[in-house]
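Visitor: structure of the sequence below:
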Amino acid sequence: MPAAHANPELRQSRAAWAMTAPALALMLTILVAPVLLAFGLSFTDYSLGNPSFNWVGFDNYERIFTRSTYAKMLWATFVYVITVVPLSLGLGLGAALLIQSVGRGAAFYKAVYFLPVMATLLAMTIVWQLMLHPSIGVVNRTLEAICAQPALHGLLTLQAFGASPQATWLGRVCTEGLPVWLGDRDYALGIVCFIGIWQGFGFNMVLYLAGLTGVPRDLYAAAELDGARSAWERFRLVTWPALGPTTVFVVTITCIRAFQSFDTVEVLFSPGGGPGKSAYVMMFAIYEKGISQNLVGIGAAITVLFLVFVMILTLIQRRITERKVHYA
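Guide: The predicted structure follows:
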């Protein structure tokens, strides 16, 4: 009798591998192979259309860490991530708690807060571009109207209380001129961060609303018997610990989404990545170098660095947050 028929476990193992082989082949083709290809290309000067290429070793990585353009890229990406992630997380949690506490109108607030998530970010960025236009944008027109009203201007700039015209940002705007939002390096990255927070916190709100529905009501009753009378004490002792698994997921997803920021910079500041490359985030740099300028080698090196950053950040935040996760 053949060995395969004599060993049922061997037959089951072969059958399992045969059934999973298509999925494994697809995963290797779609996920693993592109990463390995990008890693290999990052050590070359390859460009699309060239019949040959040269191995340059770590020259591409050396350029990333030594040239000022890529230093701005790393800084812009770092600032964007550490700004968007905590603020969109906090606003999403706050909105979820507020919606859960209201009786009537909860569905309306859910729709309003989730609207930026449902809308295409590309279209919404174009809307913000029009709103921030220096001459016809609604933002500057509103600032102009405030500056033209002496009473309101004096109150908001604190001049009514004896402050100098230069003491506040609004006072400086009214005296020095309206800002050119998209043409000033002092505002460019902040605008990208603002749009990222505005577009992302609604998604986090929905995730936290789902997590809040899973918090047992008995825990609140038990905490009240133990002396947790105020809303802050109930949140600190019951709600926040019970939301531990949800927070781990939300932080992971938000970090990855923040690193993938591209649409906003492409619409507002292409080409160039903003004035003085102040909004030159990594995903935009990958597109500019690897596709627009056809420098596939340096684009692949930035891609590899991007993947490493995402992996390290994900592992660190999971290790930190999972230590504080409480499963009810």
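
Visitor: so how many other residues sit close to Leu10?
Guide: When neighbours are counted by other C-beta atoms under 10 Å, Leu10 registers 12. Where you see a C-beta, it was placed from the backbone N, CA and C, and this is true even at glycine.

Visitor: okay, which residue is most central for this protein?
Guide: Ala258 (1.9 Å; C-alpha atoms, centre = their mean).

Visitor: all helices for the stretch 51-200 of the chain, in order.
Guide: 59-66, 68-101, 106-118, 121-131, 138-148, 150-156, 169-176, 185-213 (DSSP state H, counting those that start in this stretch).

Visitor: out of these, which is closest to Trp240?
Guide: Nearest to Trp240 among those is helix 68-101; the distance by C-beta to C-beta comes to 8.9 Å.

Visitor: still on that earlier bit, ok, so what distance separates the residue nearest to the centre of the chain from Asp186?
Guide: 21 Å (C-beta to C-beta, to the nearest Å).

Visitor: just to revisit the earlier point, the residue nearest to the centre of the chain contacts Val81, doesn't it?
Guide: Yes. In this structure, Ala258 is within contact of Val81 by C-beta atoms under 8 Å, at 4.6 Å.

Visitor: which of the helices of the stretch 51-200 of the chain is buried the deepest?
Guide: helix 185-213 (a mean of 20; mean count of other C-beta atoms under 10 Å).

Visitor: ok, then the element right after that helix?
Guide: helix 217-225 (DSSP states H and E).

Visitor: now that next one, how far from the chain's geometric center?
Guide: Mean C-alpha position of helix 217-225 versus that of the full chain (C-alpha atoms, centre = their mean, to the nearest Å) differs by 35 Å.

Visitor: quick check: what element follows it along the chain?
Guide: helix 231-234.

Visitor: who touches that next one?
Guide: By C-beta atoms under 8 Å, 6 or more residues apart in numbering, the surrounding residues in contact with helix 231-234 are Tyr220, Ala223, Glu224, Gly227, Ala228.

Visitor: how does it look with 6 Å?
Guide: For helix 231-234, the external contacting residues (C-beta atoms under 6 Å, 6 or more residues apart in numbering) are Tyr220, Ala223, Ala228.

Visitor: with stretch 79-96 instead?
Guide: By C-beta under 6 Å, 6+ apart, stretch 79-96 touches 113, 193, 196-197, 200-201, 204-205, 208-209, 212, 254-255, 258, 281.

Visitor: and it, what's its mean pLDDT?
Guide: Average pLDDT, stretch 79-96: 93.

Visitor: low-confidence regions, the chain specifically.
Guide: The model of the chain has pLDDT under 70 over residues 1-6, 103, 153, 159-163, 165, 318, 321-328.

Visitor: can you tell me the helix or strand for Ser13?
Guide: helix 8-27.

Visitor: tell me the buried residues in that helix?
Guide: Within helix 8-27, not a single residue qualifies as buried, counting by 16 or more other C-beta atoms under 10 Å.

Visitor: now stretch 297-311
Guide: For stretch 297-311, by 16+ other C-beta under 10 Å, it's Gly297, Ile298, Gly299, Ala300, Ala301, Ile302, Thr303, Val304, Leu305, Phe306, Phe309, Val310.

Visitor: kindly report the same for stretch 213-230.
Guide: For stretch 213-230, by 16+ other C-beta under 10 Å, it's Val215, Leu219, Tyr220, Ala223, Ala228.
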